[in-house]
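**Q** predicted model and sequence follow; I will ask about them next.
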Amino acid sequence: MILAPTLADLVLVIFDKEVVRSILLSLGAASCAALISFAVGTPLAYLLARCEFRGKQLVEGIIDLPIIIPHPVVGIAILGVTGRNYWLGKVLTELGIRIMGSVTGIVVVMTFVAIPFYIKAAKEGFEAISPRLEKVSRSLGASMLHTFCHITFPLAWRSILTGIIMASARAISEFGAIVIVAYHPMIAPVMIYERFESYGLKYSQPVAVWLIAICLVLFFALRVLTAQRKKTS
């Protein structure tokens, strides 16, 4: 498929405003999803790596849920929960936040499907750090936050960055849930589907090739980080 479109087709796509807009929207929304995953997932990953508590397996199961359930089901569930008949939907309506057919909805879906990948990667990074290092820091008078920022986080940064890349790649590739929650504005996967349905394979392939190229760059960066982690460990 990569060799099917001509160079002229690939160059022409770059000057297609709709394609550029959809790719930029995909990258922007995926970046937002990755940042939210980082902000929410980091403390949760640390908690799961360091603490044993009742219901821990249930929490881990809930985190893994977006990985195993069908993607259209994710979209339907998000629309249902944020609908006007539910308390969350009523709160969002009062705040003027719209999920269906909006960039906000796209970011919500991307975050939902991407955050498990970030949490898993960050959790592995925290688990690889000896708790004794943190205990020594705390025994010398450092606070828990100071210890985390100056000891734990710097030692786990490669795993955290790996998680961010994985979350971004997963977010960019999402289609099934987003096509239900927000067909418009179009992200790149939805545009590829729309062009295939409307114009056929010839007009959808160049856009697909550019999206594949973006994903290849992300996974190349992921491989480099993984190789560096193995060397340092």
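**A** Nice, I can see it.
**Q** show me what whichever helix in the chain runs longest is packed up against.
**A** Among the segments of the chain that qualify as a helix by DSSP state H, the longest is helix 17-50. Counting contacts by 3 or more Cβ pairs under 8 Å, 6 or more residues apart in numbering; DSSP states H and E, the secondary-structure elements packed against helix 17-50 are helix 56-68, helix 103-127, helix 153-173, helix 188-199, helix 201-232. For every residue, glycine as well, the C-beta is placed using N, CA and C.
**Q** in contact with Y118, which residues?
**A** Under the criterion of Cβ atoms under 8 Å, 6 or more residues apart in numbering, the contact list for Y118 reads A34, S37, F38, G41, A45, G163, I164, M166, A167.
**Q** the last one and H184: what is the separation?
**A** Read that as A167. 24 Å (Cβ to Cβ, to the nearest Å).
**Q** between those two, which one's more packed in?
**A** Neighbours of A167 and H184, each counted by other Cβ atoms under 10 Å, are more numerous for A167; the result is 31 against 9.
**Q** tell me how far stretch 108-120 is from the chain's mean position?
**A** For stretch 108-120, the gap between its own C-alpha mean and the chain's C-alpha mean amounts to 5 Å (Cα atoms, centre = their mean, to the nearest Å).
**Q** number the chain from 833, please
**A** Will do, 833 is the new start, and the previous item becomes stretch 940-952.
**Q** and it, which residues are buried?
**A** Within stretch 940-952, the residues that count as buried by 16 or more other Cβ atoms under 10 Å are 940-952.
**Q** which residues of the protein score low on pLDDT?
**A** Counting by pLDDT under 70, the low-confidence segments of the chain come to 833-840, 1058, 1060-1065.
**Q** redo that, cut-off 80
**A** 833-846, 916-917, 1051, 1054-1065 (pLDDT under 80).
**Q** can you report phi and psi for the residue located most distally from the centre of it?
**A** In the chain, L972 marks the outermost C-alpha relative to the chain mean, sitting 37.6 Å out by Cα atoms, centre = their mean. Torsion angles at L972 (phi, psi; degrees, to the nearest 10) stand at phi -90, psi 10.
**Q** separation between it and A877?
**A** Here the criterion is Cβ to Cβ. By it, L972 lies 25 Å from A877.
**Q** burial count for L1050?
**A** By other Cβ under 10 Å, 18 other residues sit near L1050.
**Q** that one against A999, yeah?
**A** No. At 10.2 Å, L1050 does not count as touching A999 under the criterion of Cβ atoms under 8 Å.
**Q** so who does the residue nearest to F944 when sequence neighbours are not counted touch?
**A** In this structure, F944 finds its nearest non-sequential neighbour in P898, 5.4 Å apart by Cβ to Cβ, 6 or more residues apart in numbering. With Cβ under 8 Å, 6+ apart as the criterion, the residues that contact P898 are V906, F944, V945, I947, P948.
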